[in-house]
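Asker: this is the structure alone, sequence omitted:
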């Protein structure tokens, strides 16, 4: 149980276009999901916390108008990179929090974004 | 703010031997959770082991065990009988026990190589 999927697994886009990444909890309901960014050979950096039915909470330095997060249901959160630029190229990982217990986070397999 | 430090960027161990990965953290909180995650080349984050700060007993999961020293704010991971499949990046992570503040703070990671 506790499986999280991401779609797409990789995407290549042209500079200036927008890209949407989906994060789904497949076998549990997730009131909270998290979006991370990982540059090559670096650690995961939290971008934002996504709560179902409310606005996302962004970490300091993350542009909320550039990285749009929507958590419209208990099983789906989306991250849209608007007007993407080459510096947005990165590995984006989501996690979903279970309820009860210690509210463990389960991670998706990640999405590799390349902006040309 | 909490910080997590992994001072060993790379480690290597002979297959079947034991290796210890170091992690220290800084926090003013008394109740929290600590985690070790494994990230293999697939980049899927996998939970290896977790420790609840209020528990004095060190967590163990098969060949993986931790040495949790709360006063020293140290949380090392011991891998016994190392196997080729253990080769990966290992991240130490901290999470507050406060409901509503459940984001994970990751260390910079340790790349573990297993020598056949």
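Answerer: Yep, that arrived. Values in this document were obtained by computation on a predicted structure and should not be read as measured data.
Asker: and for the closest residue in space to residue B:52 that isn't next to it in sequence, the neighbour number?
Answerer: Leaving aside its chain neighbours, residue B:52 sits nearest to residue B:33 (5.7 Å; criterion: Cβ to Cβ, 6 or more residues apart in numbering or on different chains). (Each C-beta comes from the backbone N, C-alpha and C, glycine too.) The number of residues packed near residue B:33 is 19, by other Cβ atoms under 10 Å in any protein chain shown.
Asker: I figured residue B:104 hits residue A:35, correct?
Answerer: No: using Cβ atoms under 8 Å, residue B:104 is not in contact with residue A:35, being 11.9 Å away.
Asker: next, show the common contact partners of those two.
Answerer: Among the neighbours of residue B:104, those also in contact with residue A:35 (Cβ atoms under 8 Å, 6 or more residues apart in numbering or on different chains) are residue A:46.
Asker: more neighbours, these two?
Answerer: Between residue B:104 and residue A:35, residue A:35 has the larger neighbour count (other Cβ under 10 Å), namely 26 against 22.
Asker: for that one, list each beta-bridge partner.
Answerer: According to DSSP bridges, the partner residues bridging residue A:35 are residue A:48, residue A:94.
Asker: just checking, it touches residue A:69?
Answerer: Yes: using Cβ under 8 Å, residue A:35 is in contact with residue A:69, at 6.4 Å.
Asker: identify the contacts common to those two.
Answerer: A:48, A:50, A:77, A:79.
Asker: the third one: what's it in contact with?
Answerer: I take that to be residue A:77. By Cβ under 8 Å, 6+ apart, the residues touching residue A:77 are A:22-23, A:30, A:33, A:35, A:50, A:69-71, A:94, A:96.
Asker: as JSON lines, these with secondary structure would be great.
Answerer: Output for the contacts of residue A:77, formatted as JSON lines (DSSP: H, G, I helix; E, B strand; the rest coil):
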{"residue": "A:22", "secondary structure": "strand"}
{"residue": "A:23", "secondary structure": "strand"}
{"residue": "A:30", "secondary structure": "coil"}
{"residue": "A:33", "secondary structure": "strand"}
{"residue": "A:35", "secondary structure": "strand"}
{"residue": "A:50", "secondary structure": "strand"}
{"residue": "A:69", "secondary structure": "strand"}
{"residue": "A:70", "secondary structure": "strand"}
{"residue": "A:71", "secondary structure": "strand"}
{"residue": "A:94", "secondary structure": "strand"}
{"residue": "A:96", "secondary structure": "strand"}
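Asker: much appreciated, bye for now.
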